[in-house]
Structures are given as C-alpha cells and as structure tokens.
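# Sequence and predicted structure below; questions after.
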Amino acid sequence: MARTKKCDECRKDCIKENMVQVDYMTKNGNVKTKMYCSEECSNAKETRKKLIEDTNNLLESILEMPIRTNMYFNKLYSPIVSHYGYKAIYDMLHSEYSYICDALNKDFVTPNVKIKYFMAIVQNKIEDYKNTTQTEETEKEANIEIIEIPKVEFKNKTKKSIFDI
C-alpha cells in the first residue's frame, strides 16, 4: 500500500514515491525537505516572485518613481492586488503601457496626485481588460467540438435468456 502525502504548494494528496523532493536550509542552519507533486509546483514560488518583481519594475517605469517604499502607493495598490492578482495587473499594464504613459504626461502638483490619477486609470482599465479576456476565453471554450456518444439500448433479460447462456 502506497503512502500519501500533501504537496507543500497546492495541498493535493499524492503518492510519496512519485513526489519531487527539494532540500532547503532553515535560518538555524538545519536542512529540511519539502515535497511537491510536480516540477511546476516546486517552481511556483520562484515564478510568483519573478511575476511580482516584473510587475513592480513595470510600475516604476510607468510612474517614474520608486514605488516599493511609497506608503501612499502601497495603500492604494494593495486592494487592487488582492482583488485581481499580479498576473492580471501585469498583463493589463503590459498591453495598455503606451496609453497609461500618455495619460501620465501631465504636470502634477505632487507625486501623490499622480499616483491617485494612475490608480483611477488602473481600476477602470483592469475591469475592462478582465471582461474582454473572459469573453475571449468563453469564445475559445465555445469553439471546442462536442462529440455526442450514441445511446446504447439494453434489452431486458428474461430467465430463459440468462439460463441459455
């Protein structure tokens, strides 16, 4: 009987022999092992960090100011991230880069006014972007061919047909 263990990333039950083991060192210097169901799960943390870093770099290039230490920016940005996620924000910023940069080419009184204006643009654009991507996904799903399986009719068996076999 095979033992099962939960994946440390997605929390899915998997057979222990088929799992990917990754060793890491704790702050105390001890070596511990994490178990993942696949290579994708073991690399998920690194890909998430890379996505966050890319999004922050893109935001800094659009706003032309450091955003990681700006408390006003983080206060306005955290609800958007928690609602939409980094992937949707990055995709929207990447596709609407030129529009947002053109909209921010104004003279603002303070950097906080520029951040507030930027957040208003992002909130409006991300909802539109999310709706268009959802409709594209539903269209792709609608284009999938549906194969109908013919119905098989079963005849009722009688005692005579059962014993004749």
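That came through, no problem.

# longest single helix anywhere in this protein?
Across the chain, the longest stretch assigned as helix under DSSP state H is helix 111-142.

# Buried residues, that one. List them.
Applying a neighbour-count criterion of 16 or more other Cβ atoms under 10 Å, one finds Lys114, Ile115, Phe118, Met119, Val122, Lys125, Ile126, Tyr129 buried in helix 111-142. C-betas here are computed from N, CA, C, even on glycine.

# wait, what's in contact with the third one?
For Phe118, the residues meeting the contact criterion (Cβ atoms under 8 Å, 6 or more residues apart in numbering) are Ile62, Leu63, Ile100, Leu104.

# repeat that with 6 Å
Applying Cβ atoms under 6 Å, 6 or more residues apart in numbering to Phe118 gives no contacts.

# So it versus Leu58, what's the distance?
Distance of Phe118 to Leu58, given as Cβ to Cβ, to the nearest Å: 12 Å.

# just to revisit the earlier point, report the distance from the longest helix of the chain to the chain centre.
How far helix 111-142 lies from its chain's middle: 15 Å, per Cα atoms, centre = their mean, to the nearest Å.

# Repeat that for stretch 28-44.
Remark: stretch 28-44 is offset 20 Å from the chain centroid, using Cα atoms, centre = their mean.

# How far does it stretch from one end to the other?
End-to-end span of stretch 28-44 (Cα to Cα, to the nearest Å): 24 Å.

# Could you count how many residues lie near Arg48?
When neighbours are defined as other Cβ atoms under 10 Å, Arg48 has 13 of them.

# I'd assumed it was in a strand, is it?
No. Looking at Arg48 with DSSP: H, G, I helix; E, B strand; the rest coil, it is helix, so not inside a strand.

# Look up how far Thr132 lies from it.
Distance of Arg48 to Thr132, given as Cβ to Cβ: 25 Å.

# what do you get for Thr110?
Taking Cβ to Cβ as the measure, Thr110 and Thr132 are separated by 33 Å.
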